[in-house]
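In: return a 3D structure for these sequence lines:
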Amino acid sequence: MAVLLYSCNTSPSKKKAAAEESGEKAEKTATTYSNPLDVAFGDPYIMNDGGTFYMYGTGGGAKDGFSVYRSSDMVHWEPRGQVYTGNTSSSWATDHFWAPEVYRFEDKYYMFFSAQWRDNPDNELENFRIGVAVSDSPEGPFEEMGDRPLFDPGYPVIDANVFVDDDGTYYLYYSRVCYKHPVESEIAAWARKKGWYDEIEESWIYGVELKPDFSGITGEPVLLLRPPLKMDDRNAEWESRSVTSKEMNRRWTEGSYTFKRNNTYYMMYSANYYKGENYAVGYATSSSPLGPYKKSDTNPLLEKNTQHGGEVTGTGHNSLVFLDDNSIYCVYHGRTKATGDERVVFIDRMELGNDGTLRVDGPSTTPKPVPVN
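Out: As a prediction, the model looks like this:
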């Protein structure tokens with residue numbers, strides 16, 4: 001019935017302004033929200049830009065690139081259109097645009113993202129690299145900083161995450177994809193003995209110092225996290241579910257997110273097939289940004305809840321939002337029975353215990369207080 005509020009002479013600009021004002025009032029009056037949010041993103045990343053929030057992610061209707069949503073409360077999101085477009089004559093990136101993360105450094109906004117590299121003489125099926133694009137606004141347009149990826153490690157990589165330490169040093173974390181990366185382990189031997197798979201490919205997370213002008217990396221990447229080698233490892237069961245459920249001959253360690261609290265570095269990561277129900281999140285800790293990292297004995301931190309009568313599966317590739325009241329919110333994608341195969345966004349509060357352990361109050365679908373009011 002909202003259309004009755006406008007006369008036939010009302011201009012489109014006034015209609016838009018009225019609609020935006022109505023949306024703002026809804027944000028201010030809402031006290032609770034329920035997951036999932038009305039945003040169809042995979043790999044969601046939220047940037048807090050002085051109390052205005054911008055969400056970027058994989059998909060969401062963008063063609064050959066990425067779009068953005070804007071919010072003042074992290075619940076009601078307004079689409080703001082496509083902010084980066086690749087696959088142009090001058091772009092190194094051709095397709096499969098994944099996992100954008102945007103950071104504000106001084107007066108510029110930098111988008112780190114993954115895509116297939118045009119330079120592919122051997123026609124590899126997975127030729128992913130990481131790129132950087134820059135803009136004067138969080139709403140773009142973002143322009144690539146160069147005509148080639150940020151660096152070439154000699155194998156396909158995805159899921160860039162940037163962390164700035166207290167001394168101002170920048171670090172880049174990324175995942176080597178499973179493609180053509182078979183690894184011997186007890187789970188691989190087990191699967192081979194059962195006659196399921198001849199080999200198990202794995203993705204591993206690396207870290208490396210990033211040049212402060214984002215023109216490349218400094219030094220050699222360091223291996224930080226990988227799937228467990230032995231089946232009696234505390235994390236082997238949940239990180240191997242894609243194999244043990246006979247879903248796929250791959251084990252993943254990807255989608256990392258790093259932050260620091262009380263001189264401890266926390267690295268969150270996702271395991272299992274991103275399209276499957278067993279996608280889940282764990283974390284590891286270290287006293288140094290480049291490790292060694294020790295996985296938590298309380299993992300997984302976030303996983304499907306259907307085994308407990310819930311309706312959420314495929315929870316993973318998270319980021320965090322830190323608010324002025326010291327609360328922390330975990331942003332991630334998942335699926336429900338209603339959304340089917342489409343990945344949608346969830347936001348749940350995360351607690352950092354006095355003993356240093358992490359706990360996410362999710363995946364939830366029941367009403368909770370709006371994060372920002």
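
In: give the contact list for Ser71.
Out: 27, 52-53, 55, 77-78 (Cβ atoms under 8 Å, 6 or more residues apart in numbering). (C-beta placed from N, C-alpha, C; glycine too.)

In: quick one: it and Glu184, what's the gap?
Out: 47 Å (Cβ to Cβ, to the nearest Å).

In: hey, where'd the strands end up in the stretch 201-350 of the chain?
Out: In the stretch 201-350 of the chain, the segments counted as strands under DSSP state E, counting those that start in this stretch are 201-202, 204-210, 217-225, 250-251, 254-261, 264-271, 280-286, 294-295, 312-322, 328-336, 344-352.

In: got the ones you listed as CSV, with distance to Asp64, mean neighbour count and mean pLDDT columns?
Out: Putting the strands of the stretch 201-350 of the chain into CSV (distance: least, Cβ to Cβ, whole Å; neighbours: other Cβ atoms under 10 Å; pLDDT from 0 to 100) gives the following:
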stretch, distance to Asp64, mean neighbour count, mean pLDDT
strand 201-202, 28, 19, 98
strand 204-210, 26, 23, 98
strand 217-225, 26, 16, 98
strand 250-251, 26, 24, 98
strand 254-261, 22, 21, 98
strand 264-271, 25, 24, 98
strand 280-286, 29, 22, 98
strand 294-295, 36, 15, 98
strand 312-322, 21, 24, 98
strand 328-336, 21, 24, 98
strand 344-352, 22, 20, 98
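
In: okay if I get the ones you listed as a markdown table plus distance to Arg192?
Out: Listed next are these as a markdown table, based on distance: least, Cβ to Cβ, whole Å:
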| stretch | distance to Arg192 |
| --- | --- |
| strand 201-202 | 13 |
| strand 204-210 | 20 |
| strand 217-225 | 24 |
| strand 250-251 | 14 |
| strand 254-261 | 24 |
| strand 264-271 | 20 |
| strand 280-286 | 24 |
| strand 294-295 | 25 |
| strand 312-322 | 27 |
| strand 328-336 | 31 |
| strand 344-352 | 36 |
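
In: hang on, Trp190 in a helix?
Out: Yes. Under DSSP: H, G, I helix; E, B strand; the rest coil, Trp190 sits within a helix.

In: now do the phi/psi pair for Glu186.
Out: phi -70, psi -30 (degrees, to the nearest 10).

In: if we can go back for a sec, of the strands of the stretch 201-350 of the chain, which is nearest Pro138?
Out: Set against Pro138 and scored by Cβ to Cβ, these come closest in strand 312-322, at 14.2 Å.

In: and the angle for that closest one with strand 264-271?
Out: Put simply, strand 312-322 runs at 150 degrees to strand 264-271, going by axes from the mean of the first three to the mean of the last three Cα atoms, to 10 degrees.

In: who does strand 312-322 touch, helix- and strand-wise?
Out: With contacts taken as 3 or more Cβ pairs under 8 Å, 6 or more residues apart in numbering; DSSP states H and E, strand 312-322 sits against strand 41-49, strand 254-261, strand 264-271, strand 280-286, strand 328-336, strand 344-352.

In: which one of the strands of the stretch 201-350 of the chain lies nearest to Glu303?
Out: strand 280-286 (3.9 Å).

In: the closest residue to Ser185 other than its chain neighbours: how many residues sit nearby?
Out: Of all residues not flanking Ser185 in the chain, Leu229 sits nearest, at 4.7 Å (Cβ to Cβ, 6 or more residues apart in numbering). Counted by other Cβ atoms under 10 Å, the residues lying close to Leu229 total 13.

In: try Ala40
Out: Ala40: 16 surrounding residues under other Cβ under 10 Å.

In: from Pro44, how far out is Val164?
Out: 21 Å.

In: who has more neighbours out of these two?
Out: More crowded of Val164 and Pro44, by other Cβ under 10 Å: Pro44, with 26 against 15.

In: nearest spatial neighbour of that one, chain-adjacent residues omitted?
Out: Leaving aside its sequence neighbours, Pro44 sits nearest to Gly57 (Cβ to Cβ, 6+ apart; 4.4 Å).

In: for my notes, confirm the one you found occurs in a strand.
Out: Yes. Assessed by three-state DSSP, Gly57 belongs to a strand.

In: all strands for the stretch 1-150 of the chain, in order.
Out: 32-33, 41-49, 52-59, 65-71, 78-85, 98-105, 108-116, 128-135, 143-144.

In: of those, which is nearest Ser364?
Out: In terms of Cβ to Cβ, the element of these nearest to Ser364 is strand 32-33, at 10.0 Å.

In: the closest one pairs with which strands?
Out: Using DSSP bridges, the strands paired with strand 32-33 in its sheet are strand 368-369 (antiparallel).

In: thinking again about what came up before, of all the strands of the stretch 1-150 of the chain, which one is nearest Phe214?
Out: strand 128-135 (5.1 Å).

In: sheet partners, orientation included, of that closest one?
Out: Strand 128-135 has these strand partners (DSSP bridges): strand 108-116 (antiparallel), strand 143-144 (antiparallel).

In: run through who's touching the last one.
Out: Going back to what we said before, that points to strand 143-144. By Cβ under 8 Å, 6+ apart, the list of residues contacting strand 143-144 reads 86, 90-93, 131-135.

In: mind redoing it with 6 Å?
Out: Residues outside strand 143-144 that contact it (Cβ atoms under 6 Å, 6 or more residues apart in numbering) are Ala133.

In: appreciated, that's everything.
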